[in-house]
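Participant: Here's a sequence, model it:
(3 chains)
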Amino acid sequence: MDLKTEVLIIGGGATGAGIARDLALRGIPSLLVEKGDFTSGASGRNQGLLHSGARYAVTDPEAARECISENRILRRIAPHCIEPTEGLFVSLPEDGPEYRSDFIRACGKAGIDALPLSPREALALEPRLNSRIIGAVQVPDGAVDPFMLVVENARDAESRGTRFLIHTEVTGLIRDGLRIAGARVRDRITGEAYAIAATWVINATGAWANLILGMVGLKIGLALSKGSMLITNTRLSERVLNRCRPPSSGDIIVPNDTVSILGTTSLRAEDLEHYTVTPEEVTFLVDELSRMIPDVKGERFTRAYAGVRPLLQLGEACDDRAISRGFALIDHGSCDGIEGLVTITGGKLMTYRLMAERTVDFLCERMGLHVPCLTHVQRLPGAGLGNALKDRLLHLRRQTPAARGEILCDCELVPREAVDAILREGKVRELQDILHRTRLAKGTCQGGFCVYRLLGLLNELRKAEGSGGSNVVLRGFLEERWKGIRPVLWGTSLKEEELIESIYKGLFNLAPEEPGRPGGGEA
Amino acid sequence: MTKAEEKPALFPKLPDVCVRCATCMAACPVSRVTPRFPGPKQAGPGAQRFRSASEASVDDWIELCTGCHLCDMVCPAGVPISEMNMMAKAKYLDERGRTFRDWLLVRSDLFGELAARFSKIVNPLMKNGLLRWLLDALLKIDRRRALPGYEYPTFRRWFQTRPAVPGITGRRKVAYFYGCFTNTNETDVGKAAVELLEAHGLDVIVPPQRCCGIPRLGVGDLKGAREMGRRNIALLRPTVRQGIDIVFSSTSCGLMLRHEYSRILNLSGAEELAGRLFDICEFLLRLHEEEKSTATFLPISLKAAYFAPCHLRSLNIGLPALELLRLIPGLDVGMLEADCCGLGGLYGFKNEKFAIAEEIGKDLTEAAARMKPDIILTDCEGCRMQIRHLTGLKVLHPLQLLRDALNRT
Amino acid sequence: MKRFDLIVIGTGLSGLTAARTAVDMGAKVLIAGWGMGALTLFGNTIDLLGEVPPETDMAEGITSWIAAHPEHPYARTGMAGIENALTDFQGLFPPPYSFAALGSGNSLLPTGAGTMRPTYLIPVTMAAGAAMTPPGTLIVGFRGFKDFQGDTVSLHLKCRGVSLSLPRYGLEGLTALALARLMDEPSFRERLGESIRLQMAGERFIGLPAVLGFRNPAVVLKTLEEITGARVFEIPMLPPSIPGTRIFHHFREMLISKGATFLMGHPASRAKVKDGRCEGITVQNPPLATQYRADSYILATGRFLGGGLWAEMERIVEPLFHLPVFQPGERGKWFGERFFDPKAHPIHRAGIVTDADLRPVDETGRVVLENVHVAGSILAHHQAIEEKSREGIDIATGFLAAKRALAL
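Facilitator: Modelled structure (predicted):
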């Protein structure tokens, strides 16, 4: 099964999906391959912050202006992926009043609305803030659901003819002399290998950019930075809370759906696939963020996770189109003499659309097309549909059980019908895909109860297909879950874990697959 | 032995201590009879994660919680589930507004005195089919539920007008909080309480008092409940300051005065009051245990079943009434093993909840059928009404049987 | 002030066993617990030591286990102590709803994940599960009952499975307790039996979720077996556990009828300790804190889940008596890198170390509190989850603790 397309996009993060949509809106055919599910990389492993740009106002005015401009665009095109929480930049006595003044001035210059608040006003808005604060500034920060944003971009592109292949990895680039003419790919679930021919190949793999470039002997200056974050069980605040000081580690708390995300650390990473959140990072985040909200000590965390950010270290003598210090668009034709290959990397979730726009502008220029970008005006397909936090509760509210439906996930109130709908759509290929597309397993027990139920539902389908049973998927889930949970096991989360372990290892007698254990594992 | 104490300094954020273990799902009397109530795990700490003070409530099933507290009792993590439900219910009903029925029912204390005075007219009226039909149709007060009859003179009037008890002066004083129902509907419970306390060598006083406010709490009217609480704290303060213990014979009034005034309503003076309050059976039992009483009981040959009301369990004082009843020689008394009678105070009177209350009560009916007692004893007036309704058996407050068994020689 | 002979802190199986043993010895007992304990979560059968292979005689298996694990709680009770305690437990459950070993060793029973699990004493409602053969077995699940996934069980066990819609409910939102309560109704279980019979294709065994009645499980079992002509068995499932709740209520009712004082719902928050002895405990029910006193105390508060142990960020503590807790080093070492680490997570070995009489000791082996005995899973040096020894440890140490406490 070989395929052919005009533009092949590698990477199903925000940038890749954004490019796919931009191309589709301009009528250029494309195909996107992603080795995992959407947002498997940094797009799905960040804080879910809708930046106002205020964070960069003092240190990087250009990035700040980009952010506030994209912030306004996203509010317009993707209101359903956003919770407009507002944000506070909070000054503690040690942060001093000088930075606060600089900050307010810089926000003004960058065009970011910044409303100074007295300590009393700030505490009235966020009562859990440290009462020692000397002031706060309100800015238009917010929360964004990155997964939904990416899937919505993909959905829009798909409705315009773009094809998306998830769980499909690039195994090599097809070279035709000094030109890249496509890629060889492999389906990671079926193992099927085939080629995709393309006029242009866009390397939108973020931190993985050099992995793709290495296939044709190329390399760009890219450092990897690991950032770790903690998730609370319930919201700590209604607004994004930032420390009003020069950007540093452990200075932000973002409300996200039912939880809050605390971040972040910044450590050099070597390995893209294997990295963990260390106990030291966890202790650091708890200590540092408890300065802003004292309750952070004693708070219940349900999970920790880390993402790897690609940091650009350009500066080679090369005519790259570094549009911003934040991201880079590299035409390997002009740069390395290899035509048909473009790398777009660096940047942040906030600028995904801008990165896509610049990439497609470049392609159009090369293709000799004069089609304007539409992504900043055309709303995403789900815009206008409600997606507020309360919707799931509203669903439960319906009194008759038939209308309410069976609730698979008690913590996040995910009804069975939501999963049924995803299965009917036929896009998901493994358990984690379902978990990405719902809030299943994202609540207090982190899937301890609902994944058993979800697998029961999947087994119901498999029984219909006549296939046998296996607990391999369940074991795999529990191992994946463990990575996130292990760093936060103390206090109530540790109690929770004793419960879950007692269920799966005790009650259900699931064991590591080893021979000779009495009754262990499958019958 | 009991003293008031401040709340622990570090009280964890409410839903955070829940480990989702579902023990409460094995105890909730409502979710086991109707799928309309998703159960304490979901309605309490589950839904709490979705609630926000600044947004309108949407979970109207919160009204189906009877406030029995059984979930709190069984929770291995200490989640105050019913308190969460109460707060959510209060917010929901504050926003939605309460019905005229609720307005009327929670003021039974005001009408009670009047109704008692005219009980000869009122009582037949409340059995009148047409009136009941009207109440049902207009106010949704279920006509299948017998309304309690009124008695005159009221307990308070009886107490104030009875002849002086000889030899009472100089005895240790004890104050009695009788509650509205005893005052106007079941005066014999109050008379039994007074007789028993006096037989135990005490001088009973009846300080001025108002409805404890628990009916208002039941409809989430925190403001109204707080008002009742403030009045009672003020009315009882002189008694408390004189170092006189106060006993109650209604477990629901007792729970309200002793715990909810402080725990839910956060009233000043509540802790001081709580330190002086005792369940009357707890109080009497202690006199026996400390051998401070010479009162003894004569044999009664009866098979009795004792039912522990939910709110008694929530007091967490064990089963003092059962232990006292065991002091009656010849009385064959066993536990009526059922979790909850189902009435839930005013809950079971409401048309839309009648079926739920009936279904919950079925467990109790079956337990009674297995035991075949001559009589059922329980400390709560709501439970007594419901058990009479469910079993048709004679149902008394344990005090009444204890009084009958008193050795008066 | 009222004084008890013994105060048991904890209403799990170890505390209940201790209280029951003490009451039977004629003691005046107070039992106080924060909630219902692990019985209502995982209590189904009585595990003794799942590590012992099914073909091995249990007494021999445990004896050699004790020899190899001299610090294990079983080394305190000895095999004889375990047997006495188990006999006592069995005496509490006379037929028809009784617990028995099916042979001299462990039996394998099917679970809600479709695995087989070793266990020792089995309630009559689960016994047939050990005899079932996949081709002759029908697994029955209920639509809308999410805590037992019948298809998962039948696919894994390689037998036939059906999902039934239930009369009256049949839809969604069904809880285990609601189902068990329905089963107690004769007409309901008869109708259910009929609908199962219609689904059968010559099967000799029928597996159902463990909800066969709350009050009358043996009667429910008998009805279903009579109607279907097959042997019926319950399969343990996600918490809450109805079989465990049955055990809990049975204990509670027995204790109350024998005059024990049963307090549930509020934690023993503080202990008064003087000169190496406990002089009273405080039970909090805000705004009140009530003190209770006894000659002797048994600490049976469970592990982390039960609140017997609490993990701060840096160390593990026992919050009531502040007893020394045996524990692995810093937080990073509490758990292995994988959920299914070949070795049990080091934290599971944490707990209270005792002398031979189950009194808590410090690092030097010195008894910390003379009149406090420790029972159940809070004890150090076992791995109940992996070993499958939860109920055995609870019953054996609860029994021994009461004997020792009252022998003072």
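
Participant: tell me the domain ranges of the chain?
Facilitator: Went with chain A since none was named. Following automatic domain parsing, chain A resolves into domains at A:3-42+A:147-221+A:313-367, A:82-144+A:223-307, A:391-507.

Participant: Chain C, not that one
Facilitator: As given by automatic domain parsing, the domain ranges for chain C are C:3-95+C:245-407, C:127-235.

Participant: Which residues does the longest helix along chain C contact?
Facilitator: For chain C, the helix with the greatest residue count under DSSP state H is helix C:73-92. For helix C:73-92, the external contacting residues (Cβ atoms under 8 Å, 6 or more residues apart in numbering or on different chains) are C:17, C:20-21, C:24, C:46, C:48-49, C:59, C:62-63, C:65-66, C:69, C:98-100, C:121, C:250-251, C:254, C:354, C:356, C:358, C:379, C:381-382, C:389, C:392-393, C:395-400. For glycine as for every other residue, the C-beta is placed from the backbone atoms N, C-alpha and C.

Participant: let's see 7 Å
Facilitator: Identification of contacts with helix C:73-92 by Cβ atoms under 7 Å, 6 or more residues apart in numbering or on different chains yields C:17, C:21, C:59, C:62-63, C:65-66, C:69, C:98-99, C:121, C:250, C:254, C:354, C:356, C:358, C:379, C:382, C:392-393, C:395-397, C:399-400.

Participant: Within reach of chain B, which of those are there?
Facilitator: Among these, no residue lies close to chain B (Cβ under 7 Å from any Cβ of the partner chain).

Participant: Only whichever of those are buried, select them in PyMOL.
Facilitator: Provided next is the PyMOL selection string for whichever of the contacts of helix C:73-92 are buried by 16 or more other Cβ atoms under 10 Å in any protein chain shown:
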select buried, chain C and resi 17+21+59+62+65+66+98+99+121+254+354+358+379+382+392+393+395+396+397+399+400
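
Participant: Same list as before, the domains of chain A that is, but in a markdown table and with mean pLDDT, distance to residue B:46 and mean neighbour count included.
Facilitator: Converted to a markdown table, the domains of chain A look like this (pLDDT from 0 to 100; distance: least, Cβ to Cβ, whole Å; neighbours: other Cβ atoms under 10 Å in any protein chain shown):
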| stretch | mean pLDDT | distance to residue B:46 | mean neighbour count |
| --- | --- | --- | --- |
| domain A:3-42+A:147-221+A:313-367 | 92 | 23 | 21 |
| domain A:82-144+A:223-307 | 94 | 10 | 20 |
| domain A:391-507 | 84 | 6 | 20 |
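
Participant: As a markdown table, those domains with distance to chain C would be great.
Facilitator: As requested, the domains of chain A are exported to a markdown table (distance: least, Cβ to the nearest Cβ, whole Å):
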| stretch | distance to chain C |
| --- | --- |
| domain A:3-42+A:147-221+A:313-367 | 20 |
| domain A:82-144+A:223-307 | 4 |
| domain A:391-507 | 2 |
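
Participant: Which strand or helix spans the residue most central in space within chain B?
Facilitator: By Cα atoms, centre = their mean, chain B has its centre lying nearest to residue B:252, at 2.0 Å. In this structure, residue B:252 sits in helix B:251-255 according to DSSP states H and E.

Participant: Off-centre distance for that helix?
Facilitator: Centroid separation for helix B:251-255 versus its chain: 4 Å, with Cα atoms, centre = their mean, to the nearest Å.

Participant: close to chain C, is it?
Facilitator: No - Helix B:251-255 does not reach chain C (Cβ under 7 Å from any Cβ); its nearest approach is 10.1 Å.

Participant: What count of nearby residues applies to residue B:355?
Facilitator: Neighbours of residue B:355 under the rule other Cβ atoms under 10 Å in any protein chain shown: 14.

Participant: Does residue 355 belong to a helix, a strand or coil?
Facilitator: No chain was given, so I picked chain A. Using DSSP: H, G, I helix; E, B strand; the rest coil, the structure places residue A:355 in helix.

Participant: surely it meets residue A:344?
Facilitator: Yes - in this structure, residue A:355 is within contact of residue A:344 by Cβ atoms under 7 Å, at 5.6 Å.

Participant: any residues in contact with both of these two?
Facilitator: By Cβ under 7 Å, 6+ apart, residue A:355 and residue A:344 have these common neighbours: A:15, A:327.

Participant: is it fair to say residue A:236 lies in a strand?
Facilitator: No - counting by three-state DSSP, residue A:236 falls outside a strand, being coil.

Participant: which one is it nearest to, not counting chain neighbours?
Facilitator: What sits nearest to residue A:236 in space, not counting adjacent residues and going by Cβ to Cβ, 6 or more residues apart in numbering or on different chains, is residue A:260, at 4.2 Å.

Participant: so where does that neighbour fall, helix or strand?
Facilitator: strand A:259-263.

Participant: Quick check: neighbours of that strand in the sheet, parallel or antiparallel?
Facilitator: With DSSP bridges as the test, strand A:259-263 is paired with strand A:222-232 (antiparallel), strand A:252-256 (antiparallel).

Participant: what's residue A:113 sitting at in phi/psi?
Facilitator: Main-chain torsions, residue A:113, degrees, to the nearest 10: phi -60, psi 120.

Participant: returning to what we had before: could you measure from the residue nearest to the centre of chain B over to residue B:309?
Facilitator: 7 Å (Cβ to Cβ, to the nearest Å).

Participant: related to what we said a few turns ago, would CSV of the strands paired with strand A:259-263 with distance to residue C:41 be doable?
Facilitator: Listed next are those as CSV, based on distance: least, Cβ to Cβ, whole Å:
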stretch, distance to residue C:41
strand A:222-232, 25
strand A:252-256, 31
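
Participant: Of all residues in the stretch 301-408 of chain C, which one is closest to chain B?
Facilitator: residue C:306 (5.9 Å; Cβ to the nearest Cβ).

Participant: residues in contact with that residue?
Facilitator: Contacts of residue C:306 (Cβ under 7 Å, 6+ apart): B:76, C:10, C:12, C:37, C:38.

Participant: still on that earlier bit, can you tell me which of the domains of chain C the model trusts least?
Facilitator: If the domains of chain C are sorted by mean pLDDT, domain C:127-235 sits at the bottom with a mean of 92.

Participant: Which strand or helix spans residue A:288?
Facilitator: helix A:279-289.

Participant: what's the angle from whatever helix or strand comes next after that helix to strand A:259-263?
Facilitator: As assigned by DSSP H and E, the chain's next helix or strand after helix A:279-289 is strand A:301-312. Relative orientation of strand A:301-312 versus strand A:259-263 (axes from the mean of the first three to the mean of the last three Cα atoms, to 10 degrees): 50 degrees.

Participant: Could you check strand A:301-312 against chain B for contacts?
Facilitator: No - using Cβ under 7 Å from any Cβ, strand A:301-312 never reaches chain B; the gap is at least 9.6 Å.

Participant: Dump that strand to CSV, keeping only the CA atoms.
Facilitator: C-alpha atoms of strand A:301-312 as CSV (Å, rounded to 0.1, in the frame of the first residue of the first chain):
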residue,chain,number,x,y,z
PHE,A,301,-1.2,15.3,44.0
THR,A,302,-2.5,12.6,41.7
ARG,A,303,0.2,12.6,39.1
ALA,A,304,3.5,14.0,38.0
TYR,A,305,4.7,14.2,34.4
ALA,A,306,7.5,15.7,32.3
GLY,A,307,7.8,17.0,28.8
VAL,A,308,10.8,17.6,26.7
ARG,A,309,11.0,21.0,25.1
PRO,A,310,13.2,21.6,22.0
LEU,A,311,15.4,24.6,22.6
LEU,A,312,17.0,26.2,19.5
